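S.K.: Return atomic coordinates for the entry below.
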Amino acid sequence: MNNVETNKLGEPSDSELKSMEIDELSFLVRAQKFRIAGTAMRRTSIPLATEYAVRLIHLIPEISAEEVGAYFGFEHAETSVLLQDVLDTGLVAESQGRLTLSARGHQAVSPTSDDIELFSSEEFTAYQAFDLIALAPVDDATIQSGIARLIPEISVTDRVAAAKATSRIPEAFEMHFLEWRQRSGGKLKADDFRFQMTQDVQQLKTFPAPFHVPVRLYLDEPAFVEPDFSNLRQRGRTGSRTPLIEAFSAYTKKLACPSDYDFAFNQVESIDGGVFSRSGLNEPTRQSVWARLCHPDTCALAHPFAPGIRVVGSSSSGAVRAAMTEWTKQLETDSNPIFWLPPHADYWGRSLSFATLLRDLSEQEPAGLVLLARDGFDRWTANSWRKRFGKRERQAALFDRCLAITNEAPRSLEIVLKPNGWCLVLLHAPDLKSGYPLPVGYISGDKFLVHAFEDYFAKLATSESAADPVLWHREEENPTAALRVIDEALRIETVS
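M.R.: This is a model prediction of the structure:
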């Protein structure tokens, strides 16, 4: 297996990595969709002579039709046609043979240039959703309920204002009118189609709007981790998403990984023979050293741990997802299921990208995915695992099977194992500057490493005897059959 070609994954192959995605966060924010009826002013296209005649009447009030015709050198018949065209615009009124701007004409006078701006009024009906934190436009998109249960919902702090959202929509829609035009496919310039007034607002529904924010590791000295809000900042009016960014930022600052990363580091070293220490990482909080080695030219693990690559980031990050779904296709594997030991951390697995990873792995692996549920023998904890990842009503389970285990494994340790195939090891330690969880690790198809973690998982799976350790299983099997699949994959011998 050591002759497998290492697939270069992750970031572009620049001469030096400057930053890399290490996580993707997902949030839900309460939003409301509205039907908005109103009027807008569209720039009109009128004959040039008519336009100049209107401008002339603006400059010379009380001018007669004959004087306008004389200005253009028109005969009587031409002047009569021009007069009718001018009156048809609605911008000019005639009284006793004298021409002046009408009330609408005066409204068309620009306060900045004192020039006539030629627009016609037209009605529109808009369907637009707004989040209830920033009251800014959002897409009318929802996430499947089976996935949405993973994602944290950011609470709306100003509930009084949120309850009165309908009354605030006319002002909000006017503020974001140009963005609505762009979202609805409008191709006119901003000066060609202008908001005039809102006539009616009807609330249609309330729903949780999804947001997805990448988190990046910047490899300056010193290195630091920071959520990348650039897409939100650049959306719509300048500063319109600032309340959202502040709410998301406050949430991310509360995320903290388990504190036993030194213990986890030492335990992994005792299992795998020192992959970290022999491949460039001597301390779990020196992640930037490991990250710089994740460049496509240097990410490969050397003998005796090949084939394998270094990775940095959570299992929701693009590079780690690609390692599990793409890089592993080079390896010879059998029909065993994939086993997943999560870290003991509330932030784990709470994004759309993580749910997408589970779906992709399930499609690749006919034997499915097995979740090792820490503290799963505790009734409250078991119910928590079922609520988040198990089958509920019309929601399919995100893992095919779930096995309760004790919580004796280091809490900052995450391992994904395909018996007789490959293993992914992630050590969750904090970024020293921000405190944000910054996992580092590797994925390897080396048989020694895979068998070592098979033995470790077998020990975890049998650390406590219980009448029914299977929290859930596939519909076509019973708990006994599910346990048999697990025992066979981990080579656990049972006494009948």
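
S.K.: which stretches of the stretch 251-400 of the chain form helices?
M.R.: 261-272, 275-278, 287-292, 318-325, 352-364, 379-389 (DSSP state H, counting those that start in this stretch).

S.K.: swap that for the stretch 51-200 of the chain, sorry
M.R.: 65-72, 76-88, 103-107, 145-148, 159-163, 165-175, 177-183.

S.K.: quick one: which of these is nearest S26?
M.R.: Nearest to S26 among the helices of the stretch 51-200 of the chain is helix 145-148 (8.9 Å), distances taken as C-beta to C-beta. To be clear about C-beta, it is placed using only N, CA and C from the backbone, and glycine gets the same treatment.

S.K.: I'd like to know which elements the closest one is packed against.
M.R.: Other helices and strands packing on helix 145-148, by 3 or more C-beta pairs under 8 Å, 6 or more residues apart in numbering; DSSP states H and E, are absent; none qualifies.

S.K.: redo that, cut-off 10 Å
M.R.: If contacts are counted by 3 or more C-beta pairs under 10 Å, 6 or more residues apart in numbering; DSSP states H and E, helix 145-148 sits against strand 19-43, strand 193-218, helix 352-364.

S.K.: number of nearby residues for the closest residue to Y218 other than its chain neighbours?
M.R.: In space, Y218 comes closest to S19 once its chain neighbours are excluded; the distance is 4.6 Å by C-beta to C-beta, 6 or more residues apart in numbering. For S19, the tally of surrounding residues (other C-beta atoms under 10 Å) stands at 17.

S.K.: ok, S19 - contacts?
M.R.: 11, 216-220, 223-226, 228, 291 (C-beta atoms under 10 Å, 6 or more residues apart in numbering).

S.K.: so which of those is the most crowded?
M.R.: Ranking those using other C-beta under 10 Å puts L217 first, with 26 neighbours.

S.K.: Report pLDDT for the nearest residue to that residue once chain neighbours are set aside.
M.R.: What sits nearest to L217 in space, not counting adjacent residues and going by C-beta to C-beta, 6+ apart, is I22, at 4.7 Å. With respect to pLDDT, I22 has a value of 97.

S.K.: wouldn't I22 be in contact with P214 here?
M.R.: Yes. With contact defined as C-beta atoms under 10 Å, I22 and P214 form a contacting pair (8.7 Å).

S.K.: So these two - more neighbours on which side?
M.R.: The neighbour count for I22 versus P214, taken as other C-beta under 10 Å, is higher for I22 (27 against 18).

S.K.: Now do that one against T100, distance only.
M.R.: 68 Å (C-beta to C-beta, to the nearest Å).

S.K.: repeat for Q203
M.R.: For Q203, the distance to T100 - C-beta to C-beta - is 44 Å.

S.K.: Between the two, point out the one with more neighbours.
M.R.: Neighbour count, other C-beta under 10 Å: between Q203 and T100, T100 has more, with 16 against 12.

S.K.: Can you read off the pLDDT for that one?
M.R.: So, for T100, pLDDT stands at 94.

S.K.: Tell me what it is bridged to.
M.R.: Beta bridges link T100 to A93, judged by DSSP bridges.

S.K.: from what I can see it touches V86, true?
M.R.: No. Contact criterion C-beta under 10 Å: T100 and V86 do not qualify, at 11.4 Å.

S.K.: Mutual contacts of those two, please.
M.R.: 57, 92, 94.

S.K.: R374: which of those is nearest?
M.R.: V92 (79.2 Å).

S.K.: how about the nearest residue to that closest one, chain neighbours excluded?
M.R.: V86 is the one closest to V92 (C-beta to C-beta, 6+ apart), at 4.9 Å.

S.K.: Make sure that neighbour is actually in contact with E94.
M.R.: Yes. Taking contacts as C-beta under 10 Å, V86 lies within contact range of E94: 8.8 Å.

S.K.: Between the two, which is the more surrounded one?
M.R.: V86 (24 against 15).

S.K.: Go ahead and confirm T166 touches Q32.
M.R.: Yes. Counting by C-beta under 10 Å, T166 touches Q32, with 7.8 Å between them.

S.K.: Between the two, which is the more surrounded one?
M.R.: Neighbours of T166 and Q32, each counted by other C-beta under 10 Å, are more numerous for Q32; the result is 21 against 12.

S.K.: Now do the same contact list for the closest residue to that one other than its chain neighbours.
M.R.: Among residues not flanking Q32 along the chain, T206 sits closest, at 5.1 Å (C-beta to C-beta, 6+ apart). Going by C-beta under 10 Å, 6+ apart, T206 touches 30-33, 129, 132, 162, 165.

S.K.: could the contacts of S19 go into TSV alongside distance to L331 and pLDDT?
M.R.: Putting those into TSV (distance: C-beta to C-beta, whole Å; pLDDT from 0 to 100) gives the following:
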residue	distance to L331	pLDDT
E11	23	45
R216	29	97
L217	27	96
Y218	33	95
L219	30	91
D220	36	85
A223	31	90
F224	35	93
V225	31	96
E226	35	96
D228	32	97
A291	24	94
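
S.K.: Which single one of these is nearest to A136?
M.R.: A136 lies nearest to D228 out of the contacts of S19, by C-beta to C-beta, at 18.5 Å.

S.K.: how many other residues sit next to V160?
M.R.: That count, for V160 with other C-beta under 10 Å as the rule, works out to 7.

S.K.: what residue ranges in this protein score low on pLDDT?
M.R.: 1-17, 110-120, 185-192, 466, 495-496 (pLDDT under 70).

S.K.: Return the set of buried residues in the lengthiest helix in it.
M.R.: For the chain, the helix with the greatest residue count under DSSP state H is helix 447-461. By 16 or more other C-beta atoms under 10 Å, the buried positions in helix 447-461 come out as 449-450, 452-454, 456-458, 460-461.

S.K.: Now the two most distant members of these.
M.R.: L449 and A461 (18.5 Å).

S.K.: Please determine how far T142 is located from G349.
M.R.: With distances taken as C-beta to C-beta, T142 is found 20 Å from G349.

S.K.: got it, and F339?
M.R.: According to C-beta to C-beta, F339 and G349 sit 15 Å apart.
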